[in-house]
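Participant: I would like the atomic coordinates for the input below:
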Amino acid sequence: MSEDMNCRIQKHVHELSGSTKIFHECNGCHNHRFCTVTGEAKYTPDKSDHFHEVKFHTDFDDEHFHEFCGKTTGAINVGNGKHVHFIKDFTEEQDHHRHEFQAATQIDSPIDFKCK
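Facilitator: Predicted coordinates:
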């Protein structure tokens, strides 16, 4: 890579998708779905762990959508040098309510593995 191109190496990211908890109102109920890619890895000051910022808009349902801006937990080792992250939080309020959700990221570089 040429330094003239002002390029930098991207730190890893994760795919994240899920559904919000169902919100019950009057005689109806609804939930929302989301699908995104996390921000690049952000390391703790001592470089012993990292997390990812997460931002998304949910799908449009019941004439509205929700936004979310937050971050994942630290890395959760799943073996073979791979890890995931967990997130449990609430969307921002819209239409006088918000939704709880929880999800785990997919592993980073899922097809990058070494045969033993």
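Participant: biggest strand in this protein, by residue count?
Facilitator: strand 50-57 (DSSP state E).
Participant: list the buried ones in the helix or strand that that one is followed by?
Facilitator: Proceeding N to C from strand 50-57, the next assigned helix or strand is strand 67-71, under DSSP states H and E. For strand 67-71, a neighbour-count test (16 or more other CB atoms under 10 Å) marks 68, 71 as buried. Quick note: C-beta positions are derived from backbone N, CA and C, even for glycine.
Participant: Return the distance of strand 67-71 from the chain's centre.
Facilitator: 8 Å (CA atoms, centre = their mean, to the nearest Å).
Participant: rewinding a little: neighbouring strands - and their directions - for the longest strand of the chain?
Facilitator: Partners of strand 50-57 in the sheet, by DSSP bridges, are strand 41-43 (antiparallel), strand 67-71 (antiparallel).
Participant: Identify the residues contacting the last one?
Facilitator: Strand 67-71 has contacts (CB atoms under 8 Å, 6 or more residues apart in numbering) with 34, 42, 51-58, 87, 89, 91-92, 94, 101.
Participant: other SSEs contacting the helix or strand that comes right after that strand?
Facilitator: Using DSSP H and E, the helix or strand that follows strand 67-71 in sequence is strand 76-79. Other elements packing on strand 76-79 under the criterion 3 or more CB pairs under 8 Å, 6 or more residues apart in numbering; DSSP states H and E are strand 82-84.
Participant: The strand it packs on: what's the following helix or strand?
Facilitator: In N-to-C order, the element after strand 82-84 by DSSP H and E is strand 86-90.
Participant: Dump the C-alpha coordinates for that next one into CSV.
Facilitator: Once non-C-alpha atoms are left out, strand 86-90 reads as follows in CSV (Å, rounded to 0.1, in the frame of the first residue of the first chain):
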residue,chain,number,x,y,z
PHE,A,86,-22.9,-8.9,23.3
ILE,A,87,-25.2,-5.9,23.5
LYS,A,88,-28.4,-5.4,25.6
ASP,A,89,-30.0,-2.0,25.6
PHE,A,90,-33.0,0.1,24.6
